[in-house]
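In: Can you look at this prediction? I've put the sequence above it.
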Amino acid sequence: MNCPVCKKGLIVLELDKVEVDLCYSCGGIWLDAGELELLLEGAADKDHFLSSLRSDEGAGEKRKKCPICARRMEKISCGIAEEKIRIDKCIKNEGYWFDKDELQTIIAMACGEKESRVLTLLKDIFGKQ
């Protein structure tokens, strides 16, 4: 599978028993359908956060192609309160694309003040403090 941003091959990593596809070139991450929910298990605001996912085409950002079905993905905004992030979602529900640092930000939002094991793993992988 190739990165929808830089077209380089994605590598598969296991993150808390979930396989994520990572682009080492641009730092993007692909999650197959259902994997975001698995990564957010135990998050304090998981259900509220997942219900915040809304279509957001008004930003004028270029739509990326899904690395699985090659159709243009839709832009969706997610987040609680003013902390919104715009990510890409396959229109056939194959999964989500997260540009560099977006997945870490989303997991941190959903976990609130509580540090999650997944967030710690992502920080270790990407060298963030």
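Out: Nice, thanks for sending it over.

In: contacts, neighbours, all on C-alpha from now
Out: Fine.

In: And the strands in the protein, which stretches?
Out: In the chain, the segments counted as strands under DSSP state E are 11-15, 18-22, 29-32, 54-55, 74-78, 85-89, 95-98.

In: Which one, of those strands, ends up nearest to Glu41?
Out: strand 18-22 (11.4 Å; Cα to Cα).

In: Extract the C-alpha trace of that closest one and format it as CSV.
Out: Only the C-alpha atoms of strand 18-22 are listed here, as CSV (Å, rounded to 0.1, in the frame of the first residue of the first chain):
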residue,chain,number,x,y,z
VAL,A,18,-3.5,-2.9,16.2
GLU,A,19,-1.7,-2.9,12.9
VAL,A,20,-1.1,0.7,11.7
ASP,A,21,0.4,1.6,8.3
LEU,A,22,3.1,4.3,8.6
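
In: For it, what does the pLDDT average out to?
Out: Average pLDDT, strand 18-22: 91.

In: what about Val20, distance to Cys66?
Out: 15 Å (Cα to Cα, to the nearest Å).

In: Then Asp16?
Out: For Asp16 relative to Cys66 (Cα to Cα), the value is 24 Å.

In: Check Ile107 too.
Out: Distance from Ile107 to Cys66, by Cα to Cα: 22 Å.

In: more crowded one of those two?
Out: Cys66 (26 against 23; other Cα atoms under 10 Å).
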